[in-house]
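Trainee: kindly generate the corresponding structure for this input.
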Amino acid sequence: MDNSSYNIGIVGLGVMGLNLARNVASRSFTVLGWDPQEEQRRLAENHKIPCASSIKDLVQQLESPRKILLMVPAGQVVDQVIRSISASLDPGDIIMDGGNSFFKETDKRNQQLTEDGIHFLGLGISGGHKGALEGPAIMAGGDPDAYAKVKPILVALAASYDGTPCVDFMGKSSAGHYVKMVHNGIEYGLMQVVAEAFDFLVELNGYSYQQCAALFKQWNSTRLQGYLMEITANILKISSGENAVLDEIFDAAGQKGTGSWTAQNALELGVPVPGIDAAIRMRQISGYWEERRALSKLLDGTVSTHQESGITSEMVEKAIYAAFLLVYLQGFHQLQVASKEYGFTYTLAQVAKTWRNGCIINSQIVRSLAGALESVKTHPLLVQTINDQLKTDIESLRFVVSHAVLSGLSLPGMSANLWYWDAFSRAELPTRIIQAQRDYFGGHGYQTGPDSDLTSFPWEVE
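Mentor: Predicted structure coming up:
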C-alpha cells in the first residue's frame with residue numbers, strides 16, 4: 001500500500017489494541033499498528049494487521065488529518081507516547097487515548113495538546129477483549145470537530161442496539177473518560193451483587209454450582225438479562241477434571257483503580273454511592289486472606305445454614321433486580337451532578353443508550369433506563385416508573401439481607417444498596433443531632449431550615 005494512505009494508526013497492540021485493530025480492518029477501513037514489543041508486532045501481522053517500523057514511520061504513513069489511537073496502560077506511559085508522537089504531528093492531527101486514564105489527567109493532556117494545535121480525544125472503551133473485536137461501547141470526549149472526523153470509524157467498530165451505534169460524544173475534554181470511570185464503578189457494584197447472590201444460594205439455600213448455573217441462565221432470559229448474568233452462568237458450569245474451575249480460583253479479587261476513582265470523586269462531589277463503595281471495600285478485605293483465614297480458624301466460624309428460610313429463588317431474583325437498579329441509579333446520580341460541576345454536555349438517557357450493548361454493564365435494566373431517564377431533571381429515584389419498580393422489589397431485598405445477617409453471612413453490597421433506598425425514602429433523618437453535636441463541641445452552628453442562616457445555642461447544662 002502507498003504511503004500516507006492508512007485511515008488510522010493504533011499504538012499498543014496488546015489484547016485490546018490488537019482486537020480493535022482487527023475490528024477496524026474488518027469494517028473496510030485501513031489500519032496501521034505499532035508496538036514496542038516485536039512479539040506483539042509479529043502477532044498483529046499474523047492477523048493481517050500491517051505494522052510500522054517505528055512511531056515516526058507510523059505517523060508518516062497516515063492520511064491527513066492523522067488519527068492515532070493509543071491503547072497503552074494508563075499513567076505515565078500515555079504521556080511518554082504522546083511526547084514521542086506529537087513532535088511528528090501537524091496542527092489539526094488527532095490523538096485518541098483509548099485506555100482507562102483518570103479523567104483529570106485527560107484534562108491536562110487535552111489542555112497541553114490544544115495549545116500545541118493537536119486535537120485530543122479521551123475515549124472510554126468498554127467490552128473487554130471480545131467487545132474490542134466484535135463491537136464495544138465507546139464514550140468520547142474532547143474536541144467536537146475532531147470527534148466529527150473520527151466518528152465514521154468509531155461508529156463502524158462500535159456495537160449497536162436496534163440499529164443505533166453504541167458510541168456518542170459526551171462533551172468537552174475528559175467527558176468520555178469520566179463516563180467510562182463511572183461505568184466501571186457501576187460494574188464493581190453489579191459484580192459484587194452477583195457474587196453475594198451466588199454466596200447466598202450456595203451457603204444458605206444449599207444450591208450446587210450446577211443449580212446456580214441453571215438459575216443464572218434462566219434469569220438471563222428475563223428482566224435480569226445482561227452480560228454479567230450471562231458470563232456468570234457460563235463460569236459456574238465449567239469444570240477442570242472432577243472439580244469446578246471456580247473452586248480452584250483464589251478468593252482475592254484485585255482492581256485497577258477505576259472503581260476507587262469513582263468512589264473518591266463521588267466524595268468530592270458529595271454524591272452517595274454506597275453500593276459502589278461496598279464493592280471496593282470487599283475487594284480490599286478479600287486481599288487480607290491470611291488474616292481472614294486466621295480469624296475464621298480462631299472463631300471456628302461458619303454461617304448458619306437455614307434450609308427452611310422461606311427465601312425462594314424468586315425472592316433472590318427480586319433482590320438482585322432491586323440491588324442492580326440501585327447501583328445503576330447511584331452511578332447515574334453521580335453523572336448528573338458531575339455534568340453540572342464540570343460542564344459536560346451528555347444527558348443521562350444518552351449515556352444509558354451508549355451502554356445498551358457492547359459494554360460490560362449492558363443489560364435489560366440499562367435499556368429500560370434509557371427511556372425512563374429521558375429529559376430527567378431531578379434525582380433518578382424520583383422518576384415514577386423507577387420508584388414504582390423499587391417499591392415492588394425492595395421487600396425481597398430486605399428479606400434476603402435480613403436472613404443473611406441473622407445467619408452471619410456478609411452481603412455488604414446488597415445491604416448498602418438497601419440502606420441507600422431506606423435513607424433516601426425517609427422525610428426526616430436523625431442527622432439533626434449531628435448538627436447539634438457539632439455546635440455543642442465546636443461552635444459550628446446549626447440551621448433550622450435548608451436556606452436558613454447558621455445559629456447557635458448555649459448547650460451547657462446547669
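
Trainee: next structured bit after the worst-scoring helix or strand of the chain on mean pLDDT?
Mentor: Counting by mean pLDDT, DSSP states H and E, the chain has its least confident helix or strand at strand 239-240, which shows a mean of 80. Once strand 239-240 ends, the next helix or strand along the chain (criterion: DSSP states H and E) is strand 243-244.

Trainee: average model confidence for the following helix or strand past that following strand?
Mentor: Note on strand 243-244: by DSSP H and E, the next helix or strand toward the C-terminus is helix 258-269. Averaged over helix 258-269, pLDDT sits at 95.

Trainee: on that earlier part again, how far out from the middle of the chain is the least confident helix or strand of the chain?
Mentor: Strand 239-240 sits 30 Å away from the centroid of its parent chain (CA atoms, centre = their mean, to the nearest Å).

Trainee: what strands flank it, and is each parallel or antiparallel?
Mentor: According to DSSP bridges, strand 239-240 has the following sheet partners: strand 243-244 (antiparallel).

Trainee: show me where pLDDT drops low in the chain?
Mentor: Scanning the chain with the threshold set as pLDDT under 70 gives 1-4, 301-309, 462.

Trainee: domain ranges for it, per the record?
Mentor: 8-173, 181-424, 430-462 (automatic domain parsing).

Trainee: tabulate those (a markdown table), appending mean neighbour count.
Mentor: In short, each C-beta sits where N, CA and C put it, glycine included. Listed next are the domains of the chain as a markdown table, based on neighbours: other CB atoms under 10 Å:
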| stretch | mean neighbour count |
| --- | --- |
| domain 8-173 | 20 |
| domain 181-424 | 19 |
| domain 430-462 | 10 |
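
Trainee: how about the helices in the stretch 351-462 of the chain?
Mentor: Along the stretch 351-462 of the chain, counting by DSSP state H, counting those that start in this stretch, helices occupy 364-372, 384-407, 412-424, 432-442.

Trainee: hmm, I was thinking of the stretch 201-350 of the chain
Mentor: Along the stretch 201-350 of the chain, counting by DSSP H, counting those that start in this stretch, helices occupy 209-219, 227-237, 258-269, 274-286, 289-299, 313-342, 348-354.

Trainee: to residue 423, which of the ones you listed lies closest?
Mentor: helix 274-286 (8.9 Å; CB to CB).

Trainee: now do that closest one: distance to the chain's middle.
Mentor: That offset, for helix 274-286, works out to 14 Å (CA atoms, centre = their mean).

Trainee: now swap in stretch 90-105 and tell me
Mentor: With CA atoms, centre = their mean, you get 20 Å for stretch 90-105.

Trainee: could you do stretch 230-239 as well?
Mentor: Distance, centroid of stretch 230-239 to centroid of chain: 21 Å (CA atoms, centre = their mean).

Trainee: what does stretch 9-26 give?
Mentor: From the chain centre to the centre of stretch 9-26 is a distance of 22 Å (CA atoms, centre = their mean).

Trainee: please apply the same query to stretch 244-251.
Mentor: 24 Å.

Trainee: gap between the two ends of it?
Mentor: End-to-end distance for stretch 244-251, by CA to CA, to the nearest Å: 14 Å.

Trainee: just the CA coordinates for stretch 98-107, please, in CSV.
Mentor: Extracted as CSV, the C-alpha positions of stretch 98-107 are listed here (Å, rounded to 0.1, in the frame of the first residue of the first chain):
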residue,chain,number,x,y,z
GLY,A,98,-8.5,4.6,24.5
GLY,A,99,-7.2,3.5,27.9
ASN,A,100,-8.7,3.8,31.4
SER,A,101,-7.0,7.2,32.1
PHE,A,102,-8.0,9.2,35.1
PHE,A,103,-10.2,12.0,33.8
LYS,A,104,-8.2,14.8,35.5
GLU,A,105,-5.1,13.6,33.7
THR,A,106,-7.1,13.7,30.5
ASP,A,107,-8.0,17.3,31.2
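
Trainee: hmm, who's touching that stretch?
Mentor: 16-17, 20, 69-75, 78, 97, 109, 120, 122-125, 141, 173-174, 177-178, 180-181, 184, 256-258, 261 (CB atoms under 8 Å, 6 or more residues apart in numbering).

Trainee: just the ones of those in helices?
Mentor: 16, 17, 20, 78, 109, 177, 178, 180, 181, 184, 258, 261 (DSSP state H).

Trainee: quick one: the fourth one from residue 113, how far?
Mentor: When you say that, I think you mean residue 78. Separation of residue 78 from residue 113 (CB to CB, to the nearest Å): 12 Å.

Trainee: what distance do you get for the residue nearest to the spatial centre of the chain to residue 255?
Mentor: Centroid-nearest residue in the chain, with CA atoms, centre = their mean: residue 184, separated by 1.5 Å. Counting by CB to CB, the separation of residue 184 from residue 255 is 9 Å.

Trainee: chain center to stretch 125-134, what's the gap?
Mentor: Counting by CA atoms, centre = their mean, stretch 125-134 is centred 14 Å from the centre of its parent chain.

Trainee: please read the previous query as pertaining to stretch 409-426.
Mentor: Put simply, stretch 409-426 sits 20 Å off its chain's centre (CA atoms, centre = their mean).

Trainee: and for stretch 380-400?
Mentor: Offset of stretch 380-400 from its chain centre (CA atoms, centre = their mean): 22 Å.

Trainee: so what touches it?
Mentor: Counting by CB under 8 Å, 6+ apart, 200, 310-311, 314-319, 321-323, 325-326, 329, 332-333, 336, 348, 369, 372-373, 376, 411, 414, 417-418, 421, 424 sit against stretch 380-400.

Trainee: re the thing from before, the helices of the stretch 201-350 of the chain: which one's closest to residue 401?
Mentor: Per CB to CB, nearest to residue 401 of these: helix 313-342, 7.6 Å.

Trainee: angle of that closest one against helix 274-286?
Mentor: 110 degrees (axes from the mean of the first three to the mean of the last three CA atoms, to 10 degrees).
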